[in-house]
Structures are given as C-alpha cells and as structure tokens.
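A.B. asks: Quick one: sequence and predicted model below, then my questions.
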Amino acid sequence: MVAKKFTKRENHSEKTSSNDEFVFGRITHTRQIPRKIETSCLVLDYLPEGKGFSSKIREPIVQGIGITWFSLVELAMIKKGKYQQFTELALPQKDKEIKTPVRQIKRKMAVDKLTNTAHQALENAVIKIIERNEKRFTSFFNKAQPITNRIHSLQLVPGIGKSTMWTILEQRKSIPFVSLTDIEERTKISDIRRMVSKRVLQEIEGEEKHRIFTTSLESTARK
C-alpha cells in the first residue's frame, strides 16, 4: 500500500530541466556539476607549522570541508598566511589553472583524522554551507523521491516522520518551495537548516547506507 501511495502522489513528478543541478532520492546529478569533485572548501583548522614533531621540513596545512560534497580534505598551502576559520578556499583542479593559495590536496580524510579544532568547527561549517547553497537544499525538498517502496528520501532527514513527509509532498505539489524559510512556514517545521545539517553529519561520521548530501571517502579517493 505504501508503494501505491508514493506512486500516486509522485506521478506529477517534478521533471528536471537541463538547468537543474541536483535530483534527489534516486540520486542523479546533471552534467553541469561533475560528480564527486570539490572546487572549493571552508577552512576548519589552520596549522602554520604543519602536523607532528618530525624533523623533516614542515609546510603549512589547512583542514577543510568541501562546499559541494562535504568532503573532508587536508591541504598543503603554498606559504604561510592568515587562513581564518570558515574562509572559502578554491581548490586546485586537474587540467585547469586556478588562482588559489593551495599547493596540493594532500588527502581526503575520515572524520576521526580531524584535529580537535577542526572537529569542533564541523557542525557550524556544515550549516554555513547549507545557508550559502540554500537553492540546492530547497531543491532537495522539491524533488526528493522514494528510495524504496517503504522509505522516502525525505524521511532520512532527522525530525521528518511520515506525517511531515506527506505535508511536504502535498505543499510542493501545489506550489514548489522557494526557500528553506518558505518550507518552515508552510509545513510548520522549525530550524530546518539544523535538521539538514544533522543528516549531513550522520553521513560524514557514519556508514550510512543511503547518502543524499555527501559522497563516500572511497568514491572521492578514486578521483
């Protein structure tokens, strides 16, 4: 019965145009944004003397979080500087000349490899990324689809149960949401940015079967 409900209510299916950036649920992505590639990140922590106590030559290091896939990255900087927390840095791109203070992406990291400072800044960084990319996350609530006959991708967001899910589906069917605030006002959800950030953190920190906002460390490592 659940499958029939999803089918019936989703038959209007918000078709994506060539300008759409993301389609959620049965997650696909258009050609405009290459999958699993980060073009910039927010600074979580800056280590001007590098890491560890080795006698080898040290280089300034930044730990950051990608603004597209929330990838955790460790960067070697060209020189020391004032890389304040939450500053946005462009990342080097293969076969492209990018003006950036980043010399090299040293590695993509698991969350347990972050410094204490970087880990403490993680939640606020995620919220800032959501706020800077409000259109993308509003699009999620407009386009999210069932993952299986029993689970809708909307239900993967902490705080969204079946009742709220159906409210979102009915509201977007009549008029698509235009902002996260619009969603809050029309569905009576409070602090939707925090709810989305909790899901992002779950995906970053855990082994979630379904990823709706991030990509796995293994996937990004192959790029």
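C.D. replies: Arrived safely.
A.B. asks: And for residue 191, the neighbour number?
C.D. replies: Close neighbours of residue 191, defined as other Cβ atoms under 10 Å, add up to 11. Yep, even glycine has a C-beta here, placed from its N, CA and C like the rest.
A.B. asks: Need the single longest helix in the chain, by residues.
C.D. replies: The longest helix of the chain (DSSP state H) is helix 116-132.
A.B. asks: And that one, how far out from the chain middle?
C.D. replies: Between the centre of helix 116-132 and the centre of its chain there are 11 Å (Cα atoms, centre = their mean, to the nearest Å).
A.B. asks: Determine the set of other helices and strands touching that helix.
C.D. replies: The contact analysis (3 or more Cβ pairs under 8 Å, 6 or more residues apart in numbering; DSSP states H and E) places helix 116-132 against strand 40-47, strand 61-66, helix 192-205.
A.B. asks: following that helix, which helix or strand comes up?
C.D. replies: Moving toward the C-terminus from helix 116-132, the next helix or strand (DSSP states H and E) is helix 134-143.
A.B. asks: That next one: which residues count as buried?
C.D. replies: Using 16 or more other Cβ atoms under 10 Å as the test for burial, helix 134-143 gives 136-143.
A.B. asks: Show me what that helix is packed against.
C.D. replies: strand 22-23, helix 162-174, helix 180-187.
A.B. asks: Mean pLDDT and distance to residue 122 added to these, as JSON lines?
C.D. replies: JSON lines is the format used below for those (pLDDT from 0 to 100; distance: least, Cβ to Cβ, whole Å):
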{"stretch": "strand 22-23", "mean pLDDT": "42", "distance to residue 122": "22"}
{"stretch": "helix 162-174", "mean pLDDT": "96", "distance to residue 122": "26"}
{"stretch": "helix 180-187", "mean pLDDT": "97", "distance to residue 122": "20"}
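A.B. asks: could the ones you listed go into CSV alongside mean neighbour count?
C.D. replies: What follows is the helices and strands packed on helix 134-143, written out as CSV (neighbours: other Cβ atoms under 10 Å):
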stretch, mean neighbour count
strand 22-23, 18
helix 162-174, 15
helix 180-187, 17
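A.B. asks: ok so, going back, show me which of the buried residues of helix 134-143 is closest to residue 121.
C.D. replies: When the buried residues of helix 134-143 are compared for distance to residue 121 (Cβ to Cβ), residue 137 wins out at 20.0 Å.
A.B. asks: quick revisit: report the mean per-residue pLDDT for the longest helix of the chain.
C.D. replies: Helix 116-132 shows a mean pLDDT of 97.
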